[in-house]
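>>> Whatever this is, show me its structure:
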Amino acid sequence: MSQLPLLFSPFELRALRLRNRVVISPMCQYSAHDGYPTDWHFAHLAKFAMGGAGLVFTEAAAVLRAGRITHGDLGIWTDTHARALQPSVAFMKSQGAAVGVQLAHAGRKASIQRPWHGNGPLDETDAVRGEYPWPVTGASPEPAGEGWLLPAEMAVSDITKVVEAFASAARRANEIGVDVVEIHGAHGYLIQSFLSPLSNRRTDAYGGDIKARMCMALEVSEAVRAAWPREKPLFFRISSVDGFEGGWDIADSVMLARELKSLGVDVVDCSSGGNAAKGATASNALRGRGFQVPFAEQIRKDADIMTQAVGMILDGAQAEEILQAGRADLIAIGREALYDPFWAVHQARDMGVDAGFEMWPEQYGWWLKRRAAGRHQLEKAERAAE
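Coordinates of the predicted model:
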């Protein structure tokens, strides 16, 4: 191709230059030990950097121990947790990828089972494994679902502690060389439980009308932006809509995005749903390709802020159409990358980019050029023999 597709063109965010617009979404692996990453995390993340993505996010990292979703969640609530993640960060950057860490607190959806153990409240079967429940907190004493732990309503002093924890986590991420942090304000976790009228029944300064319900999200964003270097980008993931009558809707997201932009947030990562016991993406297959792209498009247009599209974006051609139409600025993939960690370089080849395997790690590209030549000769000989 005479001109690179937007998907594979460099993209600048503040002082950061991404090699392309392919982003690997945070994907929980539920395989940490007391918040510490394992060899699994290194291998999991390394593949995506080697596979050509421009920006690779770690899974959600809890800013407080009590803010983990499960016993297997990654953490960044101490300096030693951050340093344990540093080898993965360094390797990903050595492969040309920028590195992001998603900062999170699970709120009322904390203290649950790993998905393969049931994905519900911890019970006696988990106790046999030594995994016991811990107290959970939230915007209001509203459980995430029937049979789930009843969260204690957070006092103002508790909110202040969480805001400070997010800022401290951002400082730790900077110290280990992370390029981007994303605040997790989606999927029914703590920040979104404050945003949504379905889960926030407070009557103080943090509850009531939308401006009050946005207070915690904005305080966290302001604190993280102050702690995070000016030259580095800040993302914020939202659930663009709750998907339930009377819940958070797209007009609310536009209003929030405008406020986030004024505080120095650079990109709104546009997901949806999740403000209930089960996950945000249980029925994505029924929603069609790119079902969340309209959210990214509207927020980008109405709030005048960069957005990241995510959800059932399956190939490079689809991603390129989204970018060319101005519907989003970045393309995030998740499960497609699990299925094919080399999604970025494979899509580049399919789109006529990188004929010489230059986008691949040189240790692979050297071999793949010879593989291509050998296959060409083989196919030529097979045609001649027909």
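>>> how about the helices in the stretch 201-350 of the chain?
For the stretch 201-350 of the chain, the helices defined by DSSP state H, counting those that start in this stretch occupy 210-213, 215-227, 250-262, 293-303, 316-324, 335-339, 343-350.
>>> now those as JSON lines including mean pLDDT, mean neighbour count and distance to Glu382?
C-beta here means a position set from N, CA and C on the backbone, and glycine is covered the same way. Shown next, in JSON lines, are the helices of the stretch 201-350 of the chain (pLDDT from 0 to 100; neighbours: other C-beta atoms under 10 Å; distance: least, C-beta to C-beta, whole Å):
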{"stretch": "helix 210-213", "mean pLDDT": "98", "mean neighbour count": "16", "distance to Glu382": "66"}
{"stretch": "helix 215-227", "mean pLDDT": "98", "mean neighbour count": "21", "distance to Glu382": "59"}
{"stretch": "helix 250-262", "mean pLDDT": "98", "mean neighbour count": "19", "distance to Glu382": "55"}
{"stretch": "helix 293-303", "mean pLDDT": "98", "mean neighbour count": "20", "distance to Glu382": "42"}
{"stretch": "helix 316-324", "mean pLDDT": "98", "mean neighbour count": "18", "distance to Glu382": "29"}
{"stretch": "helix 335-339", "mean pLDDT": "97", "mean neighbour count": "15", "distance to Glu382": "30"}
{"stretch": "helix 343-350", "mean pLDDT": "97", "mean neighbour count": "22", "distance to Glu382": "22"}
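>>> Make CSV from the ones you listed and add distance to Thr38 to it.
Shown next, in CSV, are the helices of the stretch 201-350 of the chain (distance: least, C-beta to C-beta, whole Å):
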stretch, distance to Thr38
helix 210-213, 37
helix 215-227, 27
helix 250-262, 33
helix 293-303, 33
helix 316-324, 31
helix 335-339, 17
helix 343-350, 24
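>>> Can you say which of these is nearest to Ala106?
helix 215-227 (14.3 Å; C-beta to C-beta).
>>> residues near His187, how many?
25 (other C-beta atoms under 10 Å).
>>> What count of nearby residues applies to the residue nearest to it when sequence neighbours are not counted?
The spatially closest residue to His187, leaving aside those adjacent along the chain, is Gly274, at 3.1 Å (C-beta to C-beta, 6 or more residues apart in numbering). Neighbourhood size, Gly274 [other C-beta under 10 Å]: 22.
>>> how about the strands of the stretch 51-200 of the chain, start to end?
55-62, 74-75, 98-104, 137-138, 152-153, 180-185 (DSSP state E, counting those that start in this stretch).
>>> quick one on the thing from earlier: so the residue nearest to His187 sits against Ser239, correct?
Yes. Using C-beta atoms under 8 Å, Gly274 makes contact with Ser239 at a distance of 5.6 Å.
>>> Overlap in contacts, these two.
Residues within reach of Gly274 and of Ser239 at once, by C-beta atoms under 8 Å, 6 or more residues apart in numbering, are Ala186, His187, Gly188, Gln192, Ala280.
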